[in-house]
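> Provided below are the primary sequence and the corresponding predicted coordinates.
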Amino acid sequence: MLRYTIHRALLMIPTLLGVAVLVFVLLRLMPGDIVEMRFLLEGGQVSPETLAAERARLGLDKEIWWQFYDWMTGIFVGDFGISMWTGRPVIGEIATRLELSMQVAIMATVLATMLALPLGTIAALYKDSWIDRLIQVFAIAGLAVPSFWLGMLIILGLLLNFNWIPPLTFTPIYEDPAKNLSQLIWPALAVGYRYMAVAARMTRSTILEVLQEDYIRTARAKGLYERLVVGRHAMRNAMLPVITVIGLEFAFLIGGLVVTEQVFNLNGIGKLFVDTVTRADYTMVQALVMLVAVFFILINFAVDLLYAVFDPRIRYN
Amino acid sequence: MSIVESRMDARPELSSRAGTTPALLEVENLHVHFVTSRGVVRAVEGISYTVNRGETVAIVGESGCGKSVSSLAIMQLLAKPAGRIVHGRILLEGRNLLDLTDEEMRKVRGRDISMIFQEPMSSLNPVLPIGLQIMEPLFIHLGMNEEEARARAVELLELVGITDAKRRLDQYPHQFSGGMRQRVMIAIALACNPKLIIADEPTTALDVTIQAQILELMKELSRRLGIALVLITHNLGIVARYADRVNVMYAANFIEKGTADEIFLKPAHPYTIGLMRSVPRLDEPRGRRLETIEGLPPDLLAPPVGCRFAPRCPHRIEKCARPIVLRDVGGGHLTACHRADEVVAGKLVTAPPPAPPRIVQPQAHVAPLLEVDRLRKYFHVKIAGGGLFSSETATIRAVEDLSLSIAPGETLGLVGESGCGKTTVGRLVLKLEEATAGAIRFNGIDITHRSLRGMRELRRRIQVIFQDPYSSLNPRMTVGEIIGEPLWVYRIVANATRRKERITELLNQVGLFPYMAERYPHELSGGQRQRVGIARALALEPNFIVCDEPVSALDVSIQGQIMNLLEDLQARLGLTYLFIAHDLAVVRHISDRVAVMYLGRLMELADRDELYRTPLHPYTRALLDAAPIPDPRVERARAPRALRGEIPSPLTPPSGCVFHTRCPLADDFCRREIPLVRELQPGHYVACHKA
C-alpha cells in the first residue's frame, strides 16, 4: 500500500506539470493582459511607456519561458508569487477563501451522503412503489433546479419568514460556530440538494443492479434476514460507483460554486476565480488552477483507496 | 373448460414409491406464472414429484423448460413481483411451505433446504471473505458463536476437500478457482445439515475433470450424510451417473417420469428419445448421424393446445392435438404421450437420413491444407505491484511447441479443458494473434508473419465460427447485413440484387428462411443465431473454417442440429475444419482425428476411433473417464476415477511433464524431463514417458 501511495504521488508530478504548462500558455494566448485591463478601467490616456514600465514591474516583459521558469522555481520553494492585481501573496489570498469553500463543500457532502444513501436504498428496495416514485421526483427536482436559483428561494424564504439576510462578512467556525453554521448551512443545502440527487439516483440504480446478482440469491437461499442481505451483501458491492460520484462532486464543489457564492454573498474560491480571470491576474489564476488540479488528483486517489477498502479484489501492492 | 383448468383438475399422482415412510419433499400440482409486459408466462404448469430421504432425483430439460423456476419456487426465491406460485402444494415432511409466513420460510431456507447454483463465479459475494459466507447460516439458524462457527466452517471446508482450511477462511472468492468456489458453495449448503439440497446445474460452468470431482463429492456426501438431492441439469450423462429417479421436463410440464433405468433403457416419450439420440455418445461407434429434434420449444406465452411436443414430434397424429396427462406405462413409469404404448413397444422408430457423401475424402498422403510447426505463443502480463518504471512481466505460455497438420477435407478436433490453449491455437491460425515462434503454413504458404494486407486474400479462404452466438453477432445489424458484409468488403458480388440473391442462398444453405435477412439477432433463437454465424463464415466460400466451441452454448437438441449442419456442409462443400471444443463426445462425433491439449502442450494426437479406443496418455484417459455417458448400465460398470487436483496456473507451469501434478503414473523422471511427442503407432502421437 505504501509503495502504491508513493507510486501515485510520483505520478502526480507529470500530471501537474502538464496542467501548469497548459494554463500558463492558455492564459497568455488570451487577448489583453492585466496591465491593459487595469489602465482601461482607469479610463485615462496612458502612454506606451507607462504600460511598458508596468509590464516590466510585473515581469511580463520577459521571454515566456523565463516567466514559466520563474513561476516553477517559485512553486518548488513554496512561493506561488504575488497577485498582480492586489499585490498581496497569492497563498494568503487563497487561504482565507479556501477555508470557506472547503467548509461548504464538506458540509454539502456530508448532508448529501447522509440523505442519498438511505433514500437511494429505500427507493431501490421499494422499486415502483409510491415511496420510490416520491424519492425519484424529489431527486429529479434536485437535478432540474439550478442551485443558485434554489439559493435565491432559500434567501427569499428566510427573509420573508425570519427577516434574515446573509451576513456580509465571513465568520470562521473556530470564532463563532453558531454564527458560522447559520451562515454556511444555507449555501451547503443549496448545492447539496443537487449533489444528493445525483448520489441518490446512483445509489438506487447500483443497488437495483446488485440485487439482481447471483450472490444475492445465494444470500437469500441461506436464509439470511433481508436486512443482512441488503446491508451486508448488497450495500458493500453497490458502494463503488456511488463513491466515485461523491468524490467527483466534492472536487467540483471546491472551485465550481461561482454563482451560488454570489447569491449568498460569500467570498469563496469560485468568486475569486471569476474575479481573477476577468482581471487577467496571471499568477492568481495559475495558482487557483493548480489548486483545483491538486484537489482533483487527491480526491481521486482517496476514492481509489476507498475502492480497495470496499472491494478485496482491488489491492494496491 | 380451458386447458389450464383441466390440467389443474388432473389429480396429482402420488408417486411415493418408497413404501411406508412419508416422503421428504412432495411437490403437488405446482403452477408458477410470470407476469411480463407481453403477457403471463406459464413457466411451470402442474408438476408433481416426490423426493425421499437420501435419494437423488433429477429434473432434466432444456433451457426455458421451467426446471430452474420450479426449484426456485420450492425455495420461494422467485423474482418478485413477476414470479408467482398460483397453485399447488409443496410439502416438506408434510408441512406445506406455501402456507408459511415469510419469516417461517426464511427459517427453512439454508436450514432444511439448501441450494447450489450454476455459476460458481458469481454465486459467492466477491467482497466478503468466504469464511463469513459459510458462517452466516450457522449464526442465523444454529445460533452459534464466532468460535463455534469458525470451527464448523473449517470442518466443512475439509469435508468438501479444501486443504489448509483455517487460512483459507479469510480469503475472498477471487482467490479460489471455479471448482474450488463450487466446493465452497457446497460447504455453505451443507453448513446446517439440511435434509434436502437442490443443485441447479451445479457443474455446467466447470471443466469435465472438475465436474466429475464435484459430482462425486456431492454424491458421496449425500450418501454419507443422508441428504436428499434434487439435481437439475440438461446433461443426460450426469443424470445417468448420479440420479435414482428422473423427471423429464418439456415446456413447463413433466413429460416423463421414472427410475433412471426406465428412462434411459425404456424411454416412453418421443422427446426423451430425441433428447438422448441428439447427444453424441462417447461409447458409440462413429458414422451415425445425430438424430435431431427439429424446430424449437413452444413459446410459453401461447403454448400449443394438446401435447406440447406434438409440433416437433416425428410421430404426431391427430389425437396429439388433445390434452394429455401423465399415465402409467408399467411399474410407476409415467409418460405423457398419446402413443405411449406404441413407443414402449418399440413400434415407433425413426432413422435419421444418412449423411451425404463427402466430396473431398481426407487423405493422409496428400499435402496438408494447414500445417502448424512447433508453434509457440507467449503472453506477457504485467505483474501487479511493479514499480512506476519497472516492467516486471510474467510469461504465460499459452501454446508451447505445438505441431499439427490438417489434410484437405478433414476435421481435426482440438480438445482440452479451459486454459489449455486450444482457443489461442485457433486465434493464431486465424492470425488474430501473432505467433511468438514456430510456423503456420496454409496451402504450403508460410503465413506466420504475414502482414494484415498480405492476409487479406487468405482471409477469404480461412473463416471462423465463434462459440457464443449471443455476443458474436452485432446486435445493431440485421442478419442480411451481417451475412452480406463480407461480400461487400471483398467486392465479391457485382451489385445489390446479386448480393441479395447470395444472402438468400446462404440462408437456405444453413437451414434458415430468406425472410430472416430482415431480422435482428435478438429476434432469433440461439441455434438460429449460430446458423447465421455459419452463413457469415460461408459467405466468402472458404475452404478452411476454425470452429471455436460452436455448439457449447446451445441446448442439446439444437446442438445436434448444428453438428449435422456442419457435417453436411463439409460433405457438400469439401470444407476443412479445425474443431475446437471441450466436450469429448462432440469432438469424437465430428472429427476425423483428435488432438488433446493440456497447459499449452499437445498430449496426444490420433485417429478418432484409435484415440477413444486405446488412449495412451493418462490425461486422455482421465478426460474419457470423467465424461459421463448417458446410460446407467454403462455408468454403473465404470469405476469413479475422478482426476485429482486442479489445472495449474499457466504462469507457473509444472516442471518436466506439465501433467505430472495430476497424473496417477508420474514419477521423479516425469517431474524432471519434458516428454517429447512420439509417434508410437502410425499416426498416433503421444507426449508421455510412460506410454
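Nice, thanks for sending it over.

> Pretty sure residue B:591 sits against residue B:362.
No: assessed by Cβ atoms under 8 Å, residue B:591 is found out of contact with residue B:362, at 10.5 Å. Glycine gets a C-beta too; all of them are placed from N, C-alpha and C.

> Contact partners for residue 306?
This is for chain A. residue A:243 (Cβ atoms under 8 Å, 6 or more residues apart in numbering or on different chains).

> Chain B, not that one
Contacts of residue B:306 (Cβ under 8 Å, 6+ apart): B:320-324.

> going on from the helix or strand bottoming out on mean pLDDT in chain A, what's the next piece of helix or strand?
Within chain A, no helix or strand scores below helix A:34-42, which has a mean of 70 by mean pLDDT, DSSP states H and E. Using DSSP states H and E, the helix or strand that follows helix A:34-42 in sequence is helix A:48-58.

> I'd like to know the average pLDDT value across that next one.
For helix A:48-58, the mean pLDDT works out to 76.

> Export only the CA atoms of it, formatted as CSV.
Provided in CSV are the C-alpha atoms of helix A:48-58 (Å, rounded to 0.1, in the frame of the first residue of the first chain):
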residue,chain,number,x,y,z
PRO,A,48,3.0,53.2,-24.1
GLU,A,49,5.9,53.9,-21.7
THR,A,50,3.8,53.7,-18.7
LEU,A,51,2.4,50.4,-19.9
ALA,A,52,5.9,49.1,-20.6
ALA,A,53,7.1,50.1,-17.2
GLU,A,54,4.1,48.4,-15.5
ARG,A,55,4.8,45.3,-17.5
ALA,A,56,8.4,45.3,-16.5
ARG,A,57,7.4,45.7,-12.9
LEU,A,58,5.2,42.6,-13.1
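
> helices or strands up against that helix?
On a contact count with 3 or more Cβ pairs under 8 Å, 6 or more residues apart in numbering or on different chains; DSSP states H and E, helix A:48-58 meets helix A:34-42.

> burial measure for the residue of the stretch 401-550 of chain B found nearest chain A, as a count.
Closest contact between the stretch 401-550 of chain B and chain A, by Cβ to the nearest Cβ, is at residue B:470 (17.9 Å). Residues near residue B:470, counting by other Cβ atoms under 10 Å in any protein chain shown, number 13.

> before we move on, what about residue B:464?
22.

> same question, residue B:102
Neighbours around residue B:102, by other Cβ under 10 Å: 8.

> Residue numbers of chain B in contact with chain A?
Residues of chain B lying near chain A by Cβ under 8 Å from any Cβ of the partner chain: B:75, B:77, B:106-111, B:114-115, B:117, B:119, B:122-129, B:136-137, B:140-141, B:172, B:174, B:185, B:188, B:191, B:384-385, B:387-388.

> Of those, which belong to strands?
Under the assignment DSSP state E, the residues of chain B next to chain A contribute B:114-115 to strands.

> Could you write me a PyMOL select line covering just the buried ones among the residues of chain B next to chain A?
In PyMOL, this line selects whichever of those come out buried by 16 or more other Cβ atoms under 10 Å in any protein chain shown:
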select buried, chain B and resi 75+77+106+108+109+110+111+114+115+117+119+122+123+124+125+126+127+128+129+136+137+140+141+172+185+188+191
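
> Name the residues of the stretch 1-150 of chain A found near chain B, please.
When proximity is defined as Cβ under 8 Å from any Cβ, the stretch 1-150 of chain A approaches chain B at A:3-4, A:7, A:10-11.

> So which of those residues wins on neighbours?
Result: residue A:4 is most packed of the residues of the stretch 1-150 of chain A next to chain B (other Cβ under 10 Å), 17 neighbours.

> would you say it is within a helix?
Yes: counting by DSSP: H, G, I helix; E, B strand; the rest coil, residue A:4 is located in a helix.

> how many other residues sit next to residue A:130?
For residue A:130, the neighbour count with other Cβ under 10 Å is 8.

> Would you mind measuring from it to residue A:118?
Residue A:130 sits 17 Å away from residue A:118 when distances are taken as Cβ to Cβ, to the nearest Å.

> returning to that earlier point: anything in contact with each of residue B:591 and residue B:362?
Shared contacts of residue B:591 and residue B:362, counting by Cβ under 8 Å, 6+ apart, come down to residue B:411.

> how far away is the closest residue to residue B:630 other than its chain neighbours from chain A?
Closest residue to residue B:630 apart from its sequence neighbours, by Cβ to Cβ, 6 or more residues apart in numbering or on different chains: residue B:236 at 3.8 Å. Per Cβ to the nearest Cβ, to the nearest Å, residue B:236 is found 25 Å from chain A.

> So what's the residue count around residue B:236?
Neighbour count for residue B:236, taken as other Cβ under 10 Å: 26.

> dump the residue contacts of it.
B:60, B:264, B:275-276, B:279, B:556, B:630.

> now do residue A:206
A:238-242.

> let's go with 7 Å and repeat that
A:238, A:241-242 (Cβ atoms under 7 Å, 6 or more residues apart in numbering or on different chains).

> Nearest to chain B among those?
residue A:238 (10.2 Å).

> Neighbour count for residue B:591 and residue B:362, which is higher?
Comparing residue B:591 with residue B:362 by other Cβ under 10 Å, the one with more neighbours is residue B:591, at 23 against 20.

> three-state assignment of the nearest residue to the more buried one once chain neighbours are set aside?
Nearest residue to residue B:591, sequence neighbours excluded (Cβ to Cβ, 6+ apart): residue B:413, at 3.2 Å. Residue B:413 carries the three-state label strand when classified by three-state DSSP.

> so what pLDDT did residue B:413 get?
Confidence score, pLDDT, at residue B:413: 94.

> Identify the bridge partners of it.
Beta-bridge partners for residue B:413, by DSSP bridges, are residue B:579, residue B:594.

> Could you pull up the residues touching it?
Per Cβ under 7 Å, 6+ apart, neighbours of residue B:413: B:579, B:581, B:587, B:590-591, B:594-595.

> could you pull out the helices for the stretch 51-200 of chain B?
Using DSSP state H, counting those that start in this stretch, the helices of the stretch 51-200 of chain B run over B:67-75, B:102-108, B:130-142, B:146-159, B:165-168, B:178-190.

> Report the separation between the nearest residue to residue B:520 once chain neighbours are set aside and residue B:517.
Among residues not flanking residue B:520 along the chain, residue B:478 sits closest, at 5.8 Å (Cβ to Cβ, 6+ apart). Counting by Cβ to Cβ, the separation of residue B:478 from residue B:517 is 7 Å.

> higher neighbour count, the two?
residue B:517 (21 against 16).

> one step back: can I assume the residue nearest to residue B:520 is in contact with residue B:519?
Yes: counting by Cβ atoms under 7 Å, residue B:478 does reach residue B:519; the two are 6.4 Å apart.

> where does the stretch 1-150 of chain A dip in pLDDT?
Residues of the stretch 1-150 of chain A meeting the criterion pLDDT under 70: A:40-44.

> tally of neighbours for the residue lying closest to residue B:91 once chain neighbours are set aside?
Among residues not flanking residue B:91 along the chain, residue B:26 sits closest, at 4.3 Å (Cβ to Cβ, 6+ apart). Per other Cβ under 10 Å, the neighbour tally for residue B:26 reads 22.
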